[in-house]
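Engineer: coords please:
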Amino acid sequence: MAGTNRAATSGLELLADLRDNATRYDFFQAIRLLENLHPDRPPMGSSQKAIDDPVRLGQEPSLAFAPSTLAEFNHSTPGAKPRLNVRFFGLFGPNGPLPLHLTEYARDRIRNHKDLTLTRFLDVFHHRLLSLFYRAWSDVQPVVQLERGEYDRFSCYVASLFGCGTEDYLDRDALPQRAKLYHAGHLATQTRHAEGLRSILADYFQLPVQIEEFIGQWVELPDNCRCTIGGLGQTASLGRAATIGSHIWDCQQKFRITIGPVSWDDYQRR
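Structural biologist: The predicted structure follows:
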């Protein structure tokens, strides 16, 4: 299906592929993709009501050992939420806690009488249990937390390496927090070396950067540090700290950053 909105088109393609090839997807993968299609909704397992979740979860009653984690995905009912049925987790089946005759009964009611009453009732519990199971997995996955746009715990751990792991240090300057996290290795070092600064600037601006060290300058000495006849103190020790004149040449306090060459488009963009 062609469309001007690529995100919407990709979403429709995903739903269609899940419907046709549900058994090829992993449970966590499928929920993660469906969750990303609805960024306006709370993450799975954290909503207060099931109606806020992007998909309803349930279990397919079956006595067979699960060949795949998912059984089917259905979103063809108008006005209803998509439904994802699993095989690996739930009250039914040879691995479930319920007696096997209840699985046989539920399957018989569906197959021969089109009656989903018992299955849908137990799916109320399945949905909550599966949602919490997914949440327990996603809470320890740094990539999943990053996709949600949250300041995840893993980012907090990395930021703590260079002293910015608390909320007070979030977005306190113009440099994005993600850019700081990317260069945590350089920022966490005790010494601020030139190569680390060059790497950070070159990556952030996407332009060639050179660092020229030991840029000299004339520094004016205060009166109490100048060498005078009859003066006292360490600055008047001949052969040790004596200086002639009111200025000294210093090449340890400054460095020069050279960015470029920069095109006109890059200059305007930056």
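Engineer: for stretch 53-66, which positions count as buried?
Structural biologist: 53-62, 66 (16 or more other C-beta atoms under 10 Å). C-betas here are computed from N, CA, C, even on glycine.
Engineer: What of stretch 187-204?
Structural biologist: 187, 196-201, 204.
Engineer: nearest to Ile259, of these?
Structural biologist: Set against Ile259, the nearest of those by C-beta to C-beta is Leu201 (7.0 Å).
Engineer: Check for me that the closest one belongs to a helix.
Structural biologist: Yes: assessed with DSSP: H, G, I helix; E, B strand; the rest coil, Leu201 lies in a helix.
Engineer: could you say which helix or strand contains Leu34?
Structural biologist: According to DSSP states H and E, Leu34 maps onto helix 27-36.
Engineer: for Phe125, same thing?
Structural biologist: Here Phe125 sits within helix 117-138, counting by DSSP H and E.
Engineer: what pLDDT, on average, does the helix or strand that that helix is followed by get?
Structural biologist: The helix or strand immediately downstream of helix 117-138 is helix 142-147, counting by DSSP H and E. For helix 142-147, mean pLDDT is 81.
Engineer: so where do the strands sit in the stretch 101-250 of the chain?
Structural biologist: Applying DSSP state E, counting those that start in this stretch to the stretch 101-250 of the chain gives strands spanning 209-212, 217-220, 247-250.
Engineer: returning to what we had before: can I get the buried residues of stretch 53-66 in TSV with distance to Trp249?
Structural biologist: TSV is the format used below for these (distance: C-beta to C-beta, whole Å):
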residue	distance to Trp249
Asp53	70
Pro54	68
Val55	71
Arg56	76
Leu57	74
Gly58	79
Gln59	80
Glu60	82
Pro61	87
Ser62	85
Ala66	78
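Engineer: Okay, and which of the residues you listed map to helices?
Structural biologist: Secondary structure from DSSP state H places none of the buried residues of stretch 53-66 in helices.
Engineer: of all those, which two lie farthest apart?
Structural biologist: Across the buried residues of stretch 53-66, no pair lies farther apart than Pro54 and Ser62, at 25.1 Å, counting by C-beta to C-beta.
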